[in-house]
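1. dropping the sequence and predicted coords here.
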Amino acid sequence: MHRSVLQNKKYIEFSSRYTVEVMALGRLDEGVQAEDPKAATYVAKTPEGEDVEYMLEFPGLTYDEMVGLRGSKASRYNDTGKIPFTCLVDPHTLEEIERWSGGQSSNTLITAVMKATRDLTSEYGEGLDRAELQKVDGAVAEAKRLAREGSFKKAFRSLDKLVEQDSHEVLKSKVSAGEQAVLASARQQITELRELAASDASKAKRELGRLMRELKGTDLGESVQDAIDSIGS
């Protein structure tokens, strides 16, 4: 099923909108220890610019994350003792909707998911559009990157007007968390510049002045001014 479903282009495109795959894979540690090609890894950068080692067969997932999935509730659905086993689960209740033992085609899963989607939409209403979620996640990652570089005006602008009053609460929460992360980065820079003042007061004061301009209109303006005043003339 790995090749016929998870590596099937039609299913990949479909799943990017309609499903979340949770895989409980056994004996992965044995494959890693044996240096099995299917347990190979690759290194890629996260949206925040960090290098992370991912599983080649499961792009975007690390070894630790794959092991974590094995220990999650996902593994409890298979009470057949056989593999492969696939279970379609209601995301609201985590109750089983349909199950399959043995290999299945991507068309079989797509048909079942579309029926479940219609039923769930009828009961719970329209879900969150994944394109909107990806847009917000991308903007938050960009804001964090800009904040690390000290570009706080641009960081806040990347988050500005991403959500409206009637936007989904998940999107509002993500934007709020992004704003808090930017402010936390600013606080860290203020602290570092206070420490720098002990060895290079002139540079610290100059950088704090720049930071003051970047943080104009935020609640941290007073903190920056206090730091400047503490250095003196």
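-> Arrived safely.

2. mind naming the longest helix for the protein?
-> helix 169-196 (DSSP state H).

3. any stretches of the protein with poor pLDDT?
-> 48, 233 (pLDDT under 70).

4. returning to what we had before: what angle separates the following helix or strand past the longest helix of the chain from helix 169-196?
-> Tracing the chain past helix 169-196, the next element assigned as helix or strand by DSSP states H and E is helix 201-214. Angle, helix 201-214 to helix 169-196, by axes from the mean of the first three to the mean of the last three Cα atoms, to 10 degrees: 160 degrees.

5. who does helix 201-214 touch, helix- and strand-wise?
-> When contacts are defined as 3 or more Cβ pairs under 8 Å, 6 or more residues apart in numbering; DSSP states H and E, helix 201-214 sits against helix 152-159, helix 169-196, helix 221-231. Yep, even glycine has a C-beta here, placed from its N, CA and C like the rest.

6. got TSV for these, with distance to D64 too?
-> Output for these, formatted as TSV (distance: least, Cβ to Cβ, whole Å):
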stretch	distance to D64
helix 152-159	30
helix 169-196	23
helix 221-231	37
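
7. out of those, which is closest to F14?
-> Nearest to F14 among these is helix 169-196 (22.0 Å), distances taken as Cβ to Cβ.

8. that closest one to helix 152-159, inter-axis angle?
-> Using the same axes, to 10 degrees: helix 169-196 against helix 152-159 is 170 degrees.

9. which residues touch the spatially most central residue of the chain?
-> The centroid of the chain falls nearest to D137 when counting by Cα atoms, centre = their mean (6.8 Å). Residues near D137 by Cβ atoms under 8 Å, 6 or more residues apart in numbering: 47, 174.

10. and it, how far from V22?
-> Look at D137 and V22: by Cβ to Cβ, to the nearest Å, they are 19 Å apart.

11. do the same with L128
-> L128 is 18 Å from V22, where distance means Cβ to Cβ.

12. what do you get for V175?
-> If you measure V175 against V22 using Cβ to Cβ, the figure is 26 Å.

13. between the two, which one's more packed in?
-> V175 (20 against 13; other Cβ atoms under 10 Å).

14. surely that one meets V163?
-> Yes: with contact defined as Cβ atoms under 8 Å, V175 counts as touching V163 (5.3 Å).

15. next, show the common contact partners of these two.
-> Shared contacts of V175 and V163 (Cβ under 8 Å, 6+ apart): V136.

16. show me what counts as buried in the longest helix of the chain.
-> Along helix 169-196, these residues count as buried under the neighbour rule (16 or more other Cβ atoms under 10 Å): 171-172, 174-175, 178-179, 181-183, 185-186, 189-190, 193-194, 196.

17. out of the residues you listed, who's nearest L61?
-> Distances from L61 to the buried residues of helix 169-196, taken by Cβ to Cβ, are shortest for K174, at 20.8 Å.

18. for that closest one, which non-adjacent residue is closest in space?
-> Excluding the flanking residues, the one nearest K174 by Cβ to Cβ, 6 or more residues apart in numbering is V136, at 5.1 Å.

19. hang on, I97 in a strand?
-> Yes: counting by DSSP: H, G, I helix; E, B strand; the rest coil, I97 is found in a strand.
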